[in-house]
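S.K.: Sequence first, then the predicted structure, then my questions.
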Amino acid sequence: MICRSVYQKYRYPNKLIHRFFAMKFLNQTEATNIDLELFNEYKFSVDQLMELAGLSCAHAIAKTYSPESYKNVLICCGPGNNGGDGLVCARHLSLLKFKPVVYYPKRTDKELFTNLLHQIQSMKIEVLDECPDIESAKLNYNLIVDALFGFSFKPPVREMFVPIINVLKSSGIPIVSIDIPSGWDVEKGPLNKNADINPDMLISLTAPKLCSKFFNGKHHYLGGRFVPKPLEAKYELDIPEYPGTECCLKL
């Protein structure tokens, strides 16, 4: 099933205008194949795309949540590329006057990830060893970035991630999910609407995934302005035009 209905509302100057984007929503296989083509056919490196994705996420967050009101940000990073996007996002948020703290429970010894971790630690960004409980999260953080699982995730959530998922579900702190709200099925969305997380903001990378049809938060952004035009045409992505020099776009 493919959804091509995305509307954007904006006021100009006194009228509410609806702009239609005939944009394709990707299933899991399509999302995987596009990544493989970016790596194999277009010769992008993983760290190159991760830097661009994480930068766009930080910019989308900064456009929506001011550092004056949402200064203390908990960034929850998983072991895969989605977690790498979160590590990059933490570094850029620090440069944008936020105070990020990273929770990174399952670390990898791959050089890319150890370098990203070294970079944030060199910037004096705190990295937690223990998952904060719900009360301490409510006391210490204004915003949570969910960078735990990407589009390769298959339910159920592994045991070691259950505590942080519970914080995301129960703390009441606004959540920003990168690409996929963690715990959701990439195509079917939340499997239990009363138990899964409900993010305030979703940042879709490359193109929205099918699960984003079920997103009912306030802010949906598109990030990762790096898709070559021939690849966009091949998959009929119909990506809307990014304004000016922006690396993210509100949908």
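M.R.: Looks like it arrived, so ask away.
S.K.: Low-confidence stretches in the stretch 101-250 of the chain?
M.R.: 193-195 (pLDDT under 70).
S.K.: which stretches of this structure form strands?
M.R.: With DSSP state E as the criterion, the chain has strands at 6-11, 16-21, 72-77, 99-103, 126-128, 143-147, 175-178, 201-205, 219-223, 248-250.
S.K.: Now render those strands as JSON lines, adding mean neighbour count and distance to residue 112.
M.R.: Bear in mind the C-beta positions are built from the backbone N, C-alpha and C, glycine included. Formatted as JSON lines, those follow (neighbours: other CB atoms under 10 Å; distance: least, CB to CB, whole Å):
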{"stretch": "strand 6-11", "mean neighbour count": "12", "distance to residue 112": "32"}
{"stretch": "strand 16-21", "mean neighbour count": "11", "distance to residue 112": "33"}
{"stretch": "strand 72-77", "mean neighbour count": "26", "distance to residue 112": "13"}
{"stretch": "strand 99-103", "mean neighbour count": "21", "distance to residue 112": "16"}
{"stretch": "strand 126-128", "mean neighbour count": "14", "distance to residue 112": "17"}
{"stretch": "strand 143-147", "mean neighbour count": "28", "distance to residue 112": "15"}
{"stretch": "strand 175-178", "mean neighbour count": "29", "distance to residue 112": "17"}
{"stretch": "strand 201-205", "mean neighbour count": "27", "distance to residue 112": "17"}
{"stretch": "strand 219-223", "mean neighbour count": "23", "distance to residue 112": "19"}
{"stretch": "strand 248-250", "mean neighbour count": "20", "distance to residue 112": "23"}
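S.K.: In a markdown table, list those along with distance to residue 60.
M.R.: Output for those, formatted as a markdown table (distance: least, CB to CB, whole Å):
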| stretch | distance to residue 60 |
| --- | --- |
| strand 6-11 | 14 |
| strand 16-21 | 16 |
| strand 72-77 | 13 |
| strand 99-103 | 15 |
| strand 126-128 | 23 |
| strand 143-147 | 11 |
| strand 175-178 | 8 |
| strand 201-205 | 5 |
| strand 219-223 | 4 |
| strand 248-250 | 4 |
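S.K.: Tell me which of those strands lies nearest to residue 43.
M.R.: Of all these, the one in closest proximity to residue 43, counting by CB to CB, is strand 201-205 (19.1 Å).
S.K.: Note down every partner strand of the closest one and its orientation.
M.R.: Here strand 201-205 has these sheet partners by DSSP bridges: strand 175-178 (parallel), strand 219-223 (parallel).
S.K.: Can you say which of these is nearest to residue 166?
M.R.: strand 175-178 (12.8 Å).
S.K.: chain center to that closest one, what's the gap?
M.R.: Chain-centre distance of strand 175-178: 5 Å, with CA atoms, centre = their mean, to the nearest Å.
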